[in-house]
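Q: take this sequence and fold it.
(one chain, ligands or ions: 1)
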Amino acid sequence: MLQVYLVRHGETEWNALRRIQGQSDSTLTANGERQARQVAERAKLLGITHIISSDLGRTRHTAEIIARACNCDVLLDPRLRELDMGVLEMRDIDTLTAEEESWRKQLVDGTPDGRIPQGESMTELSLRMQAVLDGCRDLPPGSLPLLVSHGMALGCLISTVLGLPPYAERRLRLRNCSLSRMDYQQSPWLAPGWVVETAGDVSHLDRPALDEVQR
Ligand SMILES: O=C(O)[C@@H](CO)OP(=O)(O)O
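A: Presented below is the predicted three-dimensional model:
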């Protein structure tokens with residue numbers, strides 16, 4: 001049975017400042033690099049064979065730390081990027097106007113095709129994330145891949161696999177360097193195809209990790 005691990009990148013400067021990144025970027029903090037080393041040790045014990053990462057700096061840096069521990073290469077895939085947050089990228093979460101906050105909320109308040117002006121919809125995000133997950137089925141038998149991506153992107157993918165619409169309200173906390181797992185299986189009891197085995201596991205981290213949307 002194919003298993004695919006999913007990791008959100010380590011804490012960044014802008015995560016710590018509660019500043020929206022989207023497809024903009026900021027560097028890992030020292031704590032974020034520490035988190036990446038800890039999830040890397042867990043990935044090594046798991047026997048990860050392939051690492052596929054969003055090509056943004058924060059995910060690439062996290063993936064490279066994991067790859068060194070697992071002695072494998074990093075394949076960059078822009079489809080794993082974070083949601084394009086349009087005009088709100090680089091803005092502080094806590095300084096948004098009521099209208100700007102409403103744009104951000106409509107991504108996950110049940111509004112079909114909701115998007116931040118000049119940004120991407122959650123449905124578009126879900127489709128590209130699902131394409132990468134399904135692509136793992138083409139890896140050689142016995143492969144154990146690990147995808148390195150982002151909070152909204154991974155939350156959207158996991159919600160989609162659980163059968164929620166991509167624009168469903170967010171009821172999943174994916175902290176920096178959390179580990180999730182999807183299994184592709186045929187079973188008389190579980191839904192055929194992808195099932196969520198683990199979501200948001202941070203037991204490998206020795207300190208609490210951020211989820212920047214948490215107040
Ligand atoms: O883009 C961001 O600001 C956050 C949103 O959840 O995602 P990440 O830090 O995981 O890239």
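
Q: how about residue 186, nearest residue that isn't a chain neighbour?
A: Excluding the flanking residues, the one nearest residue 186 by C-beta to C-beta, 6 or more residues apart in numbering is residue 192, at 5.3 Å. (Each C-beta comes from the backbone N, C-alpha and C, glycine too.)

Q: same check on residue 57?
A: Sequence neighbours aside, residue 25 is the residue nearest to residue 57 in space, at 4.5 Å (criterion: C-beta to C-beta, 6+ apart).

Q: ok, that neighbour - contacts?
A: 12, 56, 57, 58 (C-beta atoms under 8 Å, 6 or more residues apart in numbering).

Q: any chance of a markdown table for those, columns neighbour count?
A: Below are the contacts of residue 25 laid out as a markdown table (neighbours: other C-beta atoms under 10 Å):
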| residue | neighbour count |
| --- | --- |
| 12 | 26 |
| 56 | 24 |
| 57 | 15 |
| 58 | 28 |
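
Q: farthest-separated two in these?
A: 12 and 56 (9.9 Å; C-beta to C-beta).

Q: quick one: strands adjacent to the top strand by length along the chain?
A: When the chain is parsed with DSSP state E, its longest strand is strand 193-201. Strands that pair with strand 193-201, judged by DSSP bridges, come out as strand 179-185 (antiparallel).

Q: got the CA coordinates for the partner strand in CSV?
A: This file holds the C-alpha atoms of strand 179-185, laid out as CSV (Å, rounded to 0.1, in the frame of the first residue of the first chain):
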residue,chain,number,x,y,z
LEU,A,179,3.9,15.5,9.7
SER,A,180,0.8,14.0,8.0
ARG,A,181,0.3,10.8,6.1
MET,A,182,-2.0,9.7,3.3
ASP,A,183,-2.5,6.1,2.3
TYR,A,184,-3.7,4.9,-1.1
GLN,A,185,-5.7,1.7,-0.5
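
Q: in it, what counts as buried?
A: Neighbour counts over strand 179-185 (16 or more other C-beta atoms under 10 Å) mark 179, 180, 181, 182, 183, 184 as buried.

Q: ok, of those residues, which one's closest to the ligand?
A: residue 180 (12.9 Å; C-beta to the nearest ligand atom).

Q: the closest one bridge partners, please.
A: Here residue 180 sits in beta bridges with residue 6, going by DSSP bridges.

Q: all helices of this protein, in order?
A: Taking DSSP state H to define them, one finds helices in the chain at 13-16, 30-46, 57-70, 98-105, 122-135, 151-161.

Q: run the contact check for the first one versus the ligand.
A: If I follow you right, that is helix 13-16. Yes - interface with the ligand: helix 13-16 contributes residue 15 (C-beta under 6 Å from any ligand atom).

Q: any idea how far residue 30 is from the residue lying closest to residue 157 once chain neighbours are set aside?
A: Spatially, and ignoring its direct neighbours in sequence, residue 157 is nearest to residue 129 (4.1 Å; C-beta to C-beta, 6+ apart). With distances taken as C-beta to C-beta, to the nearest Å, residue 129 is found 29 Å from residue 30.

Q: neighbour-wise, which of those two wins?
A: residue 129 (28 against 9; other C-beta atoms under 10 Å).
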